[in-house]
Each structure stands twice: as structure tokens, then as C-alpha cells.
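>>> 3D, please:
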Amino acid sequence: MPLSRFHALREYLNQVILGQPVLTESLLIALIADGHLLVEGPPGLAKTRAVKALCDGVEGDFHRIQFTPDLLPADLTGTDIYRAQTATFEFEAGPIFHNLILADEINRAPAKVQSALLEAMGEGQVTVGKNSYKLPELFLVMATQNPLENEGTYPLPEAQLDRFLMHLNLDYPDAETEFEIMRMSRKEALKQAAPSVEPIIQKDIFEAREESLELYLAEPLEKYIVDIVMATRQPQRYSDELASWLEYGVSPRATLALERCARARAWLQKRDFVSPEDIQAVAPNVLRHRLLLSYQAQAEGVSSDQVIDYILSQVAVP
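Predicted coordinates for the structure are as follows:
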């Protein structure tokens, strides 16, 4: 059964990625919901390790791409190579043609490189010259941003951020977890026994996606999702304060992402129906990067998370 395999994978991820349960669960949700993650947090929080661990538990290959200001689109997608033996051009695939991709510090690459990655994420293909090339059916990107450095970066525009299924904000682990990380690192250096998991075959992943889409979602909950989205677009219906915080609401992609992520979470929770708690649990990560706050909100120090919490407190739960 795909569900038991996913639970084993979640247990494995939590054993090797300590103190980041939101990250490990979000990786599984993104895998089931067929979307991509944008992860923001200080260096050293096991972002690369998390994707590698996910790759260990999934039938597929992994590649890390370090984004830099001198990166070119061809360094990502590949390019046409001239073969003197045949006097023809042959396409040489780039690192994007892997199942799991870590786009490290995506905001350090120029706009052309970012757009090449976003085409791959949105269309499942890359275009080189006049030809388009399909990517693997199983394709997941986890992009990272470092919030501590802004020098030499190219911030992603809001319209491009919308392509990510979820946006996670990571923070440092607590003291107890820090002890566990230190001990685990020592065991790994001594090559002592490490946790392992049987990889999930890609067929089971596609089956899990179908099963999550077949979960029962009551019509009042469909309306609840739409009401949350509409609250970002028509905030004056709820309060003048909320209206003063928002410049623009979220797009229809947010509606689709809320439903898919809520379904994936419910499936992981061993339920055959979606509950309001599923929608509320995924809402911050789904909406955080899609809201455009007003200057007033920024001046008052109001964050996107505070706005989302306020919306969830105001929209009636079925």
C-alpha cells in the first residue's frame, strides 16, 4: 500500500532531519500534491540534507544546482552541441533533467535563469532554441533563499513566486534538538549504523496522487477554501484594518494549491475525507508568498503570517 510506504518515509525523514517536522511533512505534501517548494531560512538548517534524504526514500535521481550571478540558462537546461562527426547539432541535457532538484539560493541568479527554471516548474518542459524537451514525469523542485544576505541577489517577482506550491520559513532548532544533531553527526562521522528506508517506487507516488484526489471534499469546505481566497481580494468585507494591510489578494493558483495540499495532508493522516483542520494547517505555507502587503502593513510591522492568521480567524468555518 502506498500509504504505509509514505508513513515509513516520513518516519525516516524525521530521523535524519531533526527539529524540522514542518519541512519533512511539506516535502511529502509537495510530492503527493505534485508541486514545488520555496524554502527560506538561515544557512545550515539541513535544507540540502532534506532533499537528499527524500531522494534516498524515493525511486529517482537527485541534483543540486548552486545558483550564482554568472549562471546562464544553458547551464540549467542544457544546450545544442555541434557534432563534427555527423555535422549535426545534438541536444545535451542539463542538470534540470532529474527527478528531484535543489535550486540553492535561487535569488542569486539573474532573471533569465530564474525564468528557465520557472518554465520547467510550470510547464514540465524546457525550451532550447526552437525545440522543447519534456522533463521526467516525477519532477520536484525545492528552491532556497537566504534571508540574511541581500547583496548581489535578484528577488523573485510576485508573479514568479506564485509558481511555487508552498513557501516555508524555517527557524533554528531548540537546544535539545541541537544536542541530538551533534550526537547524530558524530555517529555519522564514525560510520555507525544509520537509519534506512525502502525507496518508494514512482508508480506508488502516482497512485498516491490519484488516491488523494479521490478523497471526499464536502461542498461547504470547497466554499470555505474559496471564502479564504476571496477574503484576500475583498478584505473590506471583513474589516477596514484587513483592507488597509492588503495591496493585492492571491491568485486562482492559491485556490488550487489549498485544495491539493489539504487533500495530501488528509491522505497522510489516514483519512478518506478533508477536514477544516487540513485547510487551516496548509493555509500559511500556501498563501504566505502570494499575498502582497500594503505599505501601511509594512510600516506597522505586520507580516504575511499575521494577516493569514487574522483571515482564518474571521472566515466562518463550516
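>>> pLDDT-wise, which helix or strand of the protein ranks last?
helix 158-161 (a mean of 79; mean pLDDT, DSSP states H and E).
>>> Run the chain-centre distance for that helix.
14 Å (C-alpha atoms, centre = their mean, to the nearest Å).
>>> Quick one: residues in contact with stretch 254-264.
28-29, 32-35, 162, 165-166, 212-213, 215, 217, 222, 225-226, 228-229, 232, 274, 278-279, 281-283, 285-287, 290 (C-beta atoms under 8 Å, 6 or more residues apart in numbering). The way it works is simple: take the backbone N, C-alpha and C, and place the C-beta from them, glycine included.
>>> Show me those that map onto helices.
If you go by DSSP state H, the contacts of stretch 254-264 have 28-29, 32-33, 212-213, 222, 225-226, 228-229, 232, 278-279, 281-283, 285-287 in helices.
>>> The residues you listed, buried ones only, as a ChimeraX selection?
In ChimeraX, a selection of the buried entries from those looks like this (16 or more other C-beta atoms under 10 Å):
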select :28,29,32,33,212,213,225,228,229,232,278,279,281,282,283,285,286,287
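>>> Walk me through the domains of this structure.
2-189, 215-314 (automatic domain parsing).
>>> Minimum distance to residue 199: which of those has it?
Evaluated over the domains of the chain, closeness to residue 199 peaks at domain 2-189, with 4.9 Å, by C-beta to C-beta.
>>> Return the host helix or strand of residue 265 as CSV; C-alpha atoms alone will do.
Per DSSP states H and E: residue 265 is located in helix 252-268. The C-alpha coordinates for helix 252-268 follow below in CSV (Å, rounded to 0.1, in the frame of the first residue of the first chain):
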residue,chain,number,x,y,z
PRO,A,252,-6.6,31.2,-8.5
ARG,A,253,-3.4,29.2,-8.2
ALA,A,254,-3.8,29.6,-4.4
THR,A,255,-7.3,28.1,-4.6
LEU,A,256,-6.0,25.0,-6.4
ALA,A,257,-2.9,24.8,-4.1
LEU,A,258,-5.1,25.0,-1.0
GLU,A,259,-7.2,22.1,-2.2
ARG,A,260,-4.4,19.9,-3.4
CYS,A,261,-2.3,20.4,-0.2
ALA,A,262,-5.3,19.9,2.1
ARG,A,263,-6.1,16.6,0.2
ALA,A,264,-2.5,15.5,0.5
ARG,A,265,-2.4,16.2,4.2
ALA,A,266,-5.7,14.4,4.8
TRP,A,267,-4.4,11.4,2.9
LEU,A,268,-1.2,11.3,5.0
